[in-house]
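Participant: Just need the structure, nothing else, for what follows:
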Amino acid sequence: MLLLLSVSQSFNASAQCGATVNDSLLANYDYVLNATNVTGTAPFTYVWTVTDGNGLPMNYTSSAAGDSITIDANTLQMAYGCVIYQLCVYDNAGCSNCSGDTSTVTVPYSCYSQFTSDVIGGGSVSVTLNSNIPPFMIMTQYLMWTDGNDQAQGMPYFGPGTVVDYIAGPSSDDDKFFLCAMTNLVNGGCIHCDSIPYTVLGLNKMIDAEITISPNPVQEEIKVSGMNGTFNYVIQSVNGEVILSGKNESEEGKIALPVMPAGSYILLMENELGTVAKRFTKMK
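Facilitator: From the prediction side, this is the model:
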């Protein structure tokens, strides 16, 4: 929730020079103070003094003319709810005038850890958190789940497409496991949980087990066994970026790899039976 008390402080009307200070909170939560309606004899010199709610100096950046200052969102978050400022204006005729005020500012945030997931193989899902939380407010983001053998697991969230490898077991016979995403902020936190399918899409575990790719790791060419004829394929990174797509009609099931960096990739294959995904490692 945003609480922003607008600043509109004018200098002494009897003075020969003066200004009005206006404020605004930008879309990225940076806070701006502007000297407007400046009176006197140009050129002007602007001297700002800015402190937080405890009276400690706050860092800011100035415009080229000095008539506007910006407090970045990270600094503002630590301002204890208010910005105390003073602006002194000096003009070319020797006039000087100072005045100040206090602006109450709370940086808004919406803490939520909802996520989407995509099955990328038997026991593997790709997880992406949906959040508009400013990055400077995030301390940690963590994924937690329980394997099918009742073993608690966890790992840091590394960004969109983070891969979770789940181990099936007797305690989970519905092809799902319970995954939770926790976000810890500088001023709070939140958690979201959901049931995630871990089996491959469209194919049962037996068929999946019959489909293999070799070699793995691979350098130049992958051979697919078990897809039984023509199939469409897509090679993508673990972040979902499509590297190569095509149709395989050879009995050997060979796929030549394009020039691509070493690392982990997903091979998605589809035929009349459904879709299956296999992870592989590309060597240098």
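Participant: the helices in the protein, which residues?
Facilitator: Secondary structure of the chain (DSSP state H): helices located at 73-77, 205-210.
Participant: And the shortest one, what does it pack against?
Facilitator: Pointing back at helix 73-77 there. If contacts are counted by 3 or more Cβ pairs under 8 Å, 6 or more residues apart in numbering; DSSP states H and E, helix 73-77 sits against no helix or strand. In short, each C-beta sits where N, CA and C put it, glycine included.
Participant: Quick one: residues in contact with that helix.
Facilitator: For helix 73-77, contacts defined as Cβ atoms under 8 Å, 6 or more residues apart in numbering pick out 28-31, 58-60, 83, 105, 107, 134, 136-137, 186-187.
Participant: Could you identify the most distant pair in those?
Facilitator: Maximum pairwise distance in the contacts of helix 73-77, criterion Cβ to Cβ, is 21.5 Å, between Y60 and N187.
Participant: Looking at those two, which one has more neighbours?
Facilitator: Y60 (20 against 11; other Cβ atoms under 10 Å).
Participant: Verify the stated contact: the more buried one with W48.
Facilitator: Yes: if you go by Cβ atoms under 8 Å, Y60 and W48 touch, sitting 7.2 Å apart.
Participant: shared neighbours of those two, anything?
Facilitator: I69.
Participant: so M155 touches Y142, yeah?
Facilitator: Yes: using Cβ under 8 Å, M155 is in contact with Y142, at 7.4 Å.
Participant: And for the closest residue to V83 other than its chain neighbours, the neighbour number?
Facilitator: Nearest residue to V83 in three dimensions, chain neighbours excluded: S103, at 4.8 Å (Cβ to Cβ, 6 or more residues apart in numbering). For S103, the count of nearby residues is 19 (other Cβ under 10 Å).
Participant: which residues in the stretch 151-284 of the chain form strands?
Facilitator: 152-156, 162-165, 176-185, 188-197, 212-214, 221-225, 231-237, 242-248, 254-256, 263-271, 274-282 (DSSP state E, counting those that start in this stretch).
Participant: could I get those as CSV with distance to N54, mean neighbour count and mean pLDDT?
Facilitator: CSV is the format used below for the strands of the stretch 151-284 of the chain (distance: least, Cβ to Cβ, whole Å; neighbours: other Cβ atoms under 10 Å; pLDDT from 0 to 100):
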stretch, distance to N54, mean neighbour count, mean pLDDT
strand 152-156, 33, 12, 89
strand 162-165, 39, 19, 85
strand 176-185, 21, 19, 80
strand 188-197, 21, 14, 74
strand 212-214, 61, 15, 86
strand 221-225, 61, 16, 89
strand 231-237, 47, 18, 85
strand 242-248, 52, 13, 86
strand 254-256, 63, 13, 89
strand 263-271, 48, 19, 82
strand 274-282, 52, 18, 79
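Participant: got the ones you listed as TSV, with distance to N37 columns?
Facilitator: Output for those, formatted as TSV (distance: least, Cβ to Cβ, whole Å):
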stretch	distance to N37
strand 152-156	51
strand 162-165	51
strand 176-185	39
strand 188-197	40
strand 212-214	70
strand 221-225	69
strand 231-237	54
strand 242-248	55
strand 254-256	69
strand 263-271	58
strand 274-282	63
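Participant: wait, which of those strands is closest to V119?
Facilitator: It's strand 188-197; of those, that one is closest to V119 (Cβ to Cβ) at 6.0 Å.
Participant: The closest one pairs with which strands?
Facilitator: Paired neighbours of strand 188-197 in the sheet (DSSP bridges): strand 176-185 (antiparallel).
Participant: where's N232 relative to E249, distance?
Facilitator: N232 sits 10 Å away from E249, going by Cβ to Cβ, to the nearest Å.
Participant: got the domain boundaries for the chain?
Facilitator: The chain resolves into domains spanning 3-106, 115-197, 205-282 when parsed by automatic domain parsing.
Participant: Any idea which of these has the lowest pLDDT on average?
Facilitator: Of all those, the minimum mean pLDDT falls on domain 115-197 (a mean of 77).
Participant: Tell me the gap between that one and the middle of its chain.
Facilitator: 15 Å (Cα atoms, centre = their mean, to the nearest Å).
Participant: give me every residue that touches S62.
Facilitator: Applying Cβ under 8 Å, 6+ apart, the residues near S62 are Y46, W48, S68, I69, T70.
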